[in-house]
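>>> Model the structure of this input:
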Amino acid sequence: MTPFTRLHRFAAPLAAVVVTAAMFTGALWVQHARDAWPFAAREPAPAAIAAPRAVATTGTGAAPDRVPIDVTGSTLQQLDIRLEVVTRESLTEEVRAVATVVPDESRISHVHTRVSGWVEQLDVNTTGEMVRAGQPLARIFSQELFSSQTEYLAIRKTTSASGITSVVVAGGRTRLTVLGMTPADIDAIEETGEPKRLFTVAAPRSGVVVNRGVTVGTSVDPSTTLLTIADLSRVWILAEVPEANIPAVRVGTLAQLEFPASGRAPFSARIDFVYPTLTERTRTLRVRLSAANPGGTLRPGLYGTVAFESAGAQVITVPRDAVVDTGLQQHVFVATGDRFEPRAVTLGVQLADRVEVRTGLKEGERIVAAGVFLLDSESRLRATGGAGGHSGHGAAATQKTPAPPATDPHAGHKQ
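Model (predicted):
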């Protein structure tokens, strides 16, 4: 390949590149000459003049995005707007909770023996049976107790023959007492001179057998629970108070209890004890009340309801309908003559129809108690510069946006 051929081969592409660059440069120069260089900083278009925004100038505590409005007395009657004077009162809060009847733990007895042996006879073998204090419950054979009785009678016979009272006799009697025999049982074997083969277990209190742990032939020891007896003449009532109502209950608070399934008329009782921990599964606080149960109608496991009434301190309260809650804050409308001012408030305890106002209001001021949402919509509408028409009073006229000044559409093409 000759040098001329090589030059001709590379000259055509090079010429195309030069022509393209020249055309692009020429286009950019034309744009620059017309004051429209693509990368030149452009002056912002004249912005539309926004309508003036009404701002509340009522001082601190005013609700944002709302302005005071003027409403005549006749308009208040037409719109059924009711006013109320702010006063202080005691908030009486009623708390209702589920209640359950349980045995009084201080009136429960577990029956045990002090010796090892075997149950040969059960005098009470049915759960739920009523027993009396001292009533025989079971008869047990114990080799240890039988041997101790035999030794005691032998020592007593030896000392009585010599006419000398030995401390060994007193020690033997004490041993039998420690093993569970009563003084009457010991006197009985002293009179007969024969040991008793079966040891009788008696009821420590009157009540109901709520648990039976043995049957005939069961081997027992001091750790075995023979029977469990509960005195139900007085029972406990456990109420589960919701977490939000915990401040309303304390020891001594009077409560009204109702157990429809018991057939007993509603009655009152006071809180005896407040448990120190919450039930994590239900997020409730357990409180305990005590009630007499002479007829046995309050059976353990029975469900009912309990209502607590708690009277708080004297606080400023307003109707619940008087508060406008936006989610971020709460406010009420305060009346000063014919002017209604939106004012932010801080709420406290909230009941079904009244709420506590902690900050934002003073005693003696007048507020809107009914029809507040109509005033609130009008106040927001005027705050945004819209024409109000709810209150019947002359509203601020809407500000029109002035048109931008006319310009020559071909001004940018001039040199």
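>>> quick one, what contacts the residue nearest in space to the middle of the chain?
Centroid check for the chain by C-alpha atoms, centre = their mean gives Glu243 as the closest residue, at 2.2 Å. Neighbouring residues of Glu243 by C-beta atoms under 8 Å, 6 or more residues apart in numbering: Leu278, Arg283, Thr284, Leu285. Heads up, the C-betas are built off the backbone N, CA and C, glycines and all.
>>> And it, how far from Val251?
With the distance defined as C-beta to C-beta, to the nearest Å, Glu243 ends up 18 Å from Val251.
>>> Mind pulling the model confidence for the residue nearest to the centre of the chain?
With respect to pLDDT, Glu243 scores 88.
>>> give me phi/psi at it?
The phi/psi pair for Glu243 (degrees, to the nearest 10) reads phi -60, psi -40.
>>> For stretch 97-106, list the C-alpha coordinates in CSV.
The C-alpha trace of stretch 97-106 is given here as CSV (Å, rounded to 0.1, in the frame of the first residue of the first chain):
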residue,chain,number,x,y,z
ALA,A,97,-63.3,-4.8,86.7
VAL,A,98,-63.8,-8.5,86.6
ALA,A,99,-63.9,-10.2,90.1
THR,A,100,-63.3,-13.8,91.1
VAL,A,101,-64.1,-15.5,94.4
VAL,A,102,-61.2,-17.4,96.0
PRO,A,103,-60.8,-19.0,99.4
ASP,A,104,-59.2,-16.9,102.2
GLU,A,105,-55.6,-18.1,102.3
SER,A,106,-55.4,-17.4,106.0
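>>> The stretch 301-415 of the chain: strands as residue ranges?
303-319, 324-325, 330-336, 339-350, 354-359, 366-370 (DSSP state E, counting those that start in this stretch).
>>> Parallel or antiparallel, which strands does the fifth one pair with?
Neighbouring strands of strand 354-359 in its sheet, by DSSP bridges, are strand 303-319 (antiparallel), strand 339-350 (antiparallel).
>>> Make TSV from those and add distance to Leu179 and mean pLDDT to it.
Shown next, in TSV, are the strands paired with strand 354-359 (distance: least, C-beta to C-beta, whole Å; pLDDT from 0 to 100):
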stretch	distance to Leu179	mean pLDDT
strand 303-319	45	82
strand 339-350	63	84
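>>> so which of those comes closest to Ile229?
For Ile229, the closest of those is strand 303-319, at 24.4 Å, according to C-beta to C-beta.
>>> Double-check that Ser290 belongs to a strand.
Yes. Applying DSSP: H, G, I helix; E, B strand; the rest coil, one finds Ser290 inside a strand.
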